[in-house]
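Peer 1: have a look; sequence and predicted model below, questions after that.
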Amino acid sequence: MHIFKTHSERVLKKVKPIVKEILRLDSAMQQMSDEELKGQTEKFRQWIRDGKPVAKILPEAFAVVREASFRTLGMKQYPVQLLSGLMLYNGCISEQKTGEGKTLVCAAPAYLSALSGKPVHVVTVNDYLAKRDADEIGQIHRFLGLTVGCILGEMSQEERRAAYACDITYATNHELGFDYLRDNMAMDESETVMRGLGYAIIDEADSVLIDEARTPLIISGQGGKSTKMYEICDVLAGQLERGTQTEFSATKIFDADEMKETGDYAVDEKEKNIVLTANGIRKVEQFFHIDDLSDPKNLTIHHHVILALRAKELMKRDKDYMVKDGAVQIVDEFTGRVMPDRRYSDGLHQAIEAKEGVQVMEENRTYATITFQNFFNKYEKKSGMTGTAMTEKKEFRDIYGMDVIAIPTNRPVIRVDHEDAVYKTMDEKYRAIIHKIKEVHAKGQPVLVGTTDIKTSETLSAMLKKEGLKHEVLNAKNHELEAEIIAQAGKHGAVTLATNMAGRGTDIKLDDEARAAGGLYVIGTQRHESRRIDNQLSGRSGRQGDPGESKFYISLEDRLMGIFAGKNMMDLFNSMDIEKDEEIGSPLLSKAITNAQKKIESLNFASREQLLKYDTVNCRQREELYEMRNIFLKNSSVEDVLLYYADGFIADTLNGDNHTDMHKICDVLGVRPNADFLADGHKKNTKDLEQELKHLVREHYKKVEVEAGGEEAMQRLVRRTVLRAMNVNWMRHLEAMDKLKEGIGLIAYAQTDPLLEYQKRGAVLFEETQRQIREDVLREALNSRMIRIAC
Ligand code: ADP
Ligand code: MG
């Protein structure tokens with residue numbers, strides 16, 4: 001018997017009395033007229049304005065939303081939904097199974113949080129869901145007198161601003177992140193659209209905060225760099241031979257002599273890393289006629305060679321990307337969707353283009369970038385909901401400071417999860433799956449087949465066609481209809497093939513015949529790297545106490561097996577006397593797979609953590625720069641800031657050699673002192689000289705101001721100059737940091753902690769960038785040609 005309660009149980013116990021209180025208020029709420037109910041909003045607002053404790057009105061506010069939900073949508077939050085909502089209000093992640101009604105859950109916490117005037121963002125994984133939820137749940141909030149907006153990809157700046165001005169705004173994580181970055185590139189305050197980052201409620205939190213956290217958001221544009229290098233390196237990559245290297249780890253120090261290696265490079269599939277062996281390094285050096293590949297001046301070559309090898313070894317056509325209309329298009333690993341507008345960063349996309357022999361597109365330049373981790377951590381408060389979070393509890397805690405709380409289901413789950421079926425070959429596995437589909441279909445049960453890649457779904461679809469079985473395929477090619485099709489997947493006799501999380505967020509409702517036949521049968525065509533994704537798939541069946549089944553099919557040829565089942569296990573199975581098409585149900589193997597999944601999960605966590613650690617260096621710098629930027633963007637008196645820049649510049653530049661220093665200062669500031677001053681300058685002591693120069697700059701500023709057309713015009717001029725200088729230099733800085741990060745890999749060979757090294761060198765780079773910004777600003781604002789001529 002358990003005597004120790006889990007964390008969730010303890011937390012839930014504390015909150016349960018509040019749920020009771022909310023339920024108790026039900027009859028009072030029912031008696032209110034619509035007007036009275038709406039009137040509660042103003043009452044709560046006043047309460048909060050008066051600085052009284054929000055906790056006191058919390059049960060009442062939840063009860064008001066509950067009654068409003070009923071009057072607008074005909075639904076009342078179940079007790080478990082109230083529980084979940086309270087957890088959200090407290091900044092937790094509610095783990096609530098599919099079909100439990102999470103969309104409705106967030107109505108109350110969003111409402112109460114919005115009453116204080118802070119912007120509330122409800123985050124969804126796609127535009128379709130943002131619109132759907134804003135339309136549906138928005139009715140409750142509008143009924144209660146709140147404004148609700150929704151951000152969609154195609155919206156203009158004005159539309160966005162209007163949507164963000166609402167009390168509650170629905171938007172995808174991408175739109176939010178991009179708007180944040182764009183706001184921080186704005187040349188005028190009127191160009192910004194957001195009004196701050198208050199409270200975020202993140203739906204499908206695991207997808208947003210974990211899966212998507214591996215690729216940072218990037219705003220980029222045409223750069224005009226040469227693309228030849230990619231083609232050359234692709235040729236070279238073709239000549240290099242794959243080999244092995246003992247225990248490669250970029251973070252470990254090791255003795256090069258003890259390393260055993262073969263071939264020209266080694267591939268670490270787990271870490272998705274490539275490392276050149278000594279042999280390989282020699283070949284690259286010969287190919288490019290250079291002496292030392294690790295010399296910083298050869299970093300670009302090293303970068304391109306590694307990219308070409310990554311494209312060759314780690315990026316698989318029709319799995320990671322597709323070649324369509326002469327272009328390389330990324331396939332989202334989790335949804336199986338093609339993302340035509342997105343490109344791999346850092347030149348990987350170009351390397352793949354070279355490999356596939358399609359036109360290599362010009363390299364993009366990064367204007368701004370942020371990881372989702374750092375973006376969401378900027379919110380004052382955040383919470384999340386998803387069907388599957390427990391397996392990543394530690395990550396949510398460590399990276400986001402959010403606790404995961406498991407909310408009980410409204411009704412018990414009666415879905416039957418069958419033991420995995422294991423087959424020797426891929427072919428046998430596919431045949432068995434088809435057999436199962438037919439068998440289940442014959443009973444009238446709807447079937448949902450989950451695949452991890454487009455190829456598998458195409459193979460299975462072809463096989464089904466041969467059998468004359470009508471079915472729907474959800475993958476990259478018809479994703480607009482995704483939600484609609486998946487909503488039909490619960491009709492009796494429906495057979496639906498869907499890549500991983502296609503249609504996530506859309507409810508699969510059973511019809512009566514399907515329910516009678518045993519509910520939705522979910523078939524997994526392989527185990528995914530992460531248990532969470534598997535759970536997500538089986539969880540599509542058995543919602544709200546519905547009947548249902550799930551079963552996963554595995555073959556010894558599956559990719560995951562190859563990497564993780566271990567040689568012993570594979571030998572054991574291969575030596576077993578297994579008949580053709582025989583199903584091996586093996587608890588031993590299932591357990592091994594679960595263990596393997598755990599291992600990969602923690603590896604993936606480690607790599608995301610690593611990304612975050614590196615990004616945190618960037619993050620601090622970004623915050624500092626954005627803060628400075630904001631001062632300029634919003635402050636009406638830029639004179640002070642500019643003179644502060646000038647003073648700093650003078651003080652930093654005066655460094656002993658008065659003569660040279662003075663010339664540089666005058667040159668940058670555009671100050672034209674008379675000849676006597678210049679001649680006397682180098683005789684003065686530094687302190688006096690500094691004072692005099694500062695004085696000169698002030699005089700000069702006034703002159704320039706007149707020249708520019710007055711105070712207001714000068715403000716505008718300076719502001720734009722500063723903002724532009726920041727944009728340009730930040731972009732350069734990001735590139736320098738990128739190069740640095742890569743170079744660190746090589747430096748790490750000899751030195752200690754690469755992260756520390758990155759921090760140290762990154763700080764130096766940033767100082768340099770700030771100096772450059774200052775100089776650019778002063779030069780441009782005080783020293784434009786027009787002004788110089790006038791002087
Ligand atoms: P989840 O996001 O948790 O998978 P959804 O928010 O998509 O679930 O809701 C699933 C279905 O349950 C929807 O059709 C919704 O309208 C319905 N639903 C949710 N809450 C309630 C409720 N309290 N009473 C009745 N129906 C509800
Ligand atoms: Mg949902």
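Peer 2: Yep, it's here. Numbers count the residues shown, from 1 in each chain. Ligands and ions are numbered 1, 2, ... in the order given.

Peer 1: show me where the stretch 51-200 of the chain has its helices.
Peer 2: Counting by DSSP state H, counting those that start in this stretch, the stretch 51-200 of the chain forms helices over residues 54-73, 79-89, 102-105, 107-114, 127-143, 157-165, 173-183, given from the N-terminal end onward.

Peer 1: and Met322, which of the ones you listed is closest to it?
Peer 2: Each of the helices of the stretch 51-200 of the chain was checked against Met322 via CB to CB, and the shortest separation belongs to helix 173-183, namely 20.5 Å. Quick note: C-beta positions are derived from backbone N, CA and C, even for glycine.

Peer 1: now do the residue nearest to Gly545 when sequence neighbours are not counted against Val80, distance only.
Peer 2: Once its chain neighbours are removed from consideration, Gly545 has its nearest residue in Arg411; the separation is 3.2 Å (CB to CB, 6 or more residues apart in numbering). Between Arg411 and Val80 the computed distance is 10 Å (CB to CB, to the nearest Å).

Peer 1: next SSE after the helix or strand in which Asn618 is found?
Peer 2: Secondary structure assigned from DSSP states H and E places Asn618 in helix 587-634. If you walk from helix 587-634 toward the C-terminus, the next helix or strand you reach (DSSP H and E) is helix 638-653.

Peer 1: for that next one, name the packing helices and strands.
Peer 2: Taking 3 or more CB pairs under 8 Å, 6 or more residues apart in numbering; DSSP states H and E as contact, the helices and strands that helix 638-653 lies on are helix 587-634, helix 658-669, helix 686-708, helix 711-747, helix 754-782.

Peer 1: so how far is the helix holding Asn618 off the chain centroid?
Peer 2: 9 Å (CA atoms, centre = their mean, to the nearest Å).

Peer 1: Arg411 and Val80: who's more crowded?
Peer 2: Neighbours were counted for Arg411 and for Val80 using other CB atoms under 10 Å; Val80 has more, 20 against 15.

Peer 1: name the residue of the stretch 601-750 of the chain that lies nearest to ligand 2.
Peer 2: Closest residue of the stretch 601-750 of the chain to ligand 2, CB to the ion: Glu601 (22.8 Å).

Peer 1: next one: the stretch 101-250 of the chain
Peer 2: Residue nearest to ligand 2 within the stretch 101-250 of the chain (CB to the ion): Lys102, separated by 4.6 Å.

Peer 1: measure the residue nearest to that residue when sequence neighbours are not counted to Asn173 for me?
Peer 2: For Lys102, ignoring the flanking residues on the chain, the nearest one in space by CB to CB, 6+ apart is Met385 at 4.6 Å. When CB to CB is the yardstick, Met385 and Asn173 sit 14 Å from each other.

Peer 1: mind listing the shared neighbours of these two?
Peer 2: Counting by CB atoms under 8 Å, 6 or more residues apart in numbering, the contacts common to Met385 and Asn173 are Ile202.

Peer 1: where are the low-confidence patches of the stretch 301-450 of the chain?
Peer 2: Applying pLDDT under 70 to the stretch 301-450 of the chain picks out residues 334-335, 341, 363-364.

Peer 1: point me to the residue of it nearest ligand 1.
Peer 2: Gly387 (6.5 Å; CB to the nearest ligand atom).

Peer 1: was I right to think that residue contacts Leu537?
Peer 2: No: checked against CB atoms under 8 Å, the pair Gly387 and Leu537 is beyond contact range at 10.3 Å.

Peer 1: out of the two, which sits in the more crowded spot?
Peer 2: Leu537 (27 against 21).

Peer 1: that one sits in which helix or strand?
Peer 2: Under the assignment given by DSSP H and E, the secondary-structure element containing Leu537 is helix 531-538.

Peer 1: circling back to that earlier point, quick one: residues contacting the residue of the stretch 101-250 of the chain closest to ligand 2.
Peer 2: Applying CB under 8 Å, 6+ apart, one finds that Lys102 lies in contact with Ser84, Ser94, Gln96, Asp203, Met385, Thr386.

Peer 1: surely Arg342 is in contact with Val331?
Peer 2: No: using CB under 8 Å, Arg342 is not in contact with Val331, being 10.3 Å away.

Peer 1: the two: which is more packed in?
Peer 2: Set side by side, Arg342 and Val331 give different neighbour counts by other CB under 10 Å, the larger being at Val331 (22 against 14).

Peer 1: show me what that one is bridged to.
Peer 2: According to DSSP bridges, the residues that bridge with Val331 are Val338.

Peer 1: per-domain residue ranges of this protein.
Peer 2: For the chain, the domain assignment from automatic domain parsing gives the residue ranges 7-219+373-406, 226-361, 416-585, 616-790.

Peer 1: so which bits of the stretch 51-200 of the chain are right by ligand 1?
Peer 2: Within the stretch 51-200 of the chain, the positions lying close to ligand 1 (CB under 6 Å from any ligand atom) are 75-78, 81, 96, 98-104.

Peer 1: go with 8 Å
Peer 2: When proximity is defined as CB under 8 Å from any ligand atom, the stretch 51-200 of the chain approaches ligand 1 at 69, 73-78, 81, 96-105, 136.

Peer 1: buried subset of those?
Peer 2: Neighbour-count burial (16 or more other CB atoms under 10 Å) applied to those gives 69, 76-78, 81, 96-105.

Peer 1: any idea which of the helices of the stretch 51-200 of the chain gets closest to Arg397?
Peer 2: Between Arg397 and the helices of the stretch 51-200 of the chain, the tightest spacing by CB to CB is seen for helix 79-89, at 14.5 Å.

Peer 1: in that closest one, which residues are buried?
Peer 2: Applying a neighbour-count criterion of 16+ other CB under 10 Å, one finds Val80, Gln81, Leu82, Leu83, Ser84, Gly85, Leu86, Met87, Leu88, Tyr89 buried in helix 79-89.

Peer 1: which residue packs closest to the last one, ignoring adjacent ones?
Peer 2: Spatial nearest neighbour of Tyr89, chain neighbours left out: Pro109 (4.0 Å); criterion: CB to CB, 6+ apart.

Peer 1: can you pull the contacts of the one you found?
Peer 2: Each residue near Pro109 by CB under 8 Å, 6+ apart is listed here: Gly85, Leu86, Leu88, Tyr89, Ile201, Ser383.

Peer 1: can you do 10 Å?
Peer 2: Contacts were defined as CB atoms under 10 Å, 6 or more residues apart in numbering; by that measure Pro109 touches 58, 61-62, 65, 84-91, 94, 120, 122, 199, 201, 381, 383, 385.

Peer 1: one step back: so what sits against both of Arg411 and Val80?
Peer 2: Between them, Arg411 and Val80 share the neighbouring residues Glu100, with contact defined by CB under 10 Å, 6+ apart.

Peer 1: so what does the residue nearest to Glu60 when sequence neighbours are not counted look like in phi/psi?
Peer 2: Beyond its immediate neighbours in the sequence, the residue positioned closest to Glu60 (CB to CB, 6+ apart) is Leu25, lying 6.3 Å away. Dihedral pair for Leu25: phi -70, psi -10, per degrees, to the nearest 10.

Peer 1: contacts only, for Leu25.
Peer 2: Remark: with contacts taken as CB under 10 Å, 6+ apart, Leu25 is in contact with Pro59, Glu60, Phe62, Ala63, Val64, Arg66, Glu67.

Peer 1: on that earlier part again, what's the overlap in contacts for Gly387 and Leu537?
Peer 2: The overlap between the contact sets of Gly387 and Leu537 (CB under 10 Å, 6+ apart) consists of Thr98, Arg504.

Peer 1: need the helices of the stretch 51-200 of the chain in CSV (columns: mean pLDDT and distance to Gly263).
Peer 2: Below are those laid out as CSV (pLDDT from 0 to 100; distance: least, CB to CB, whole Å):
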stretch, mean pLDDT, distance to Gly263
helix 54-73, 97, 63
helix 79-89, 97, 52
helix 102-105, 97, 50
helix 107-114, 98, 56
helix 127-143, 95, 46
helix 157-165, 97, 52
helix 173-183, 95, 40
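
Peer 1: thank you kindly, that will do.
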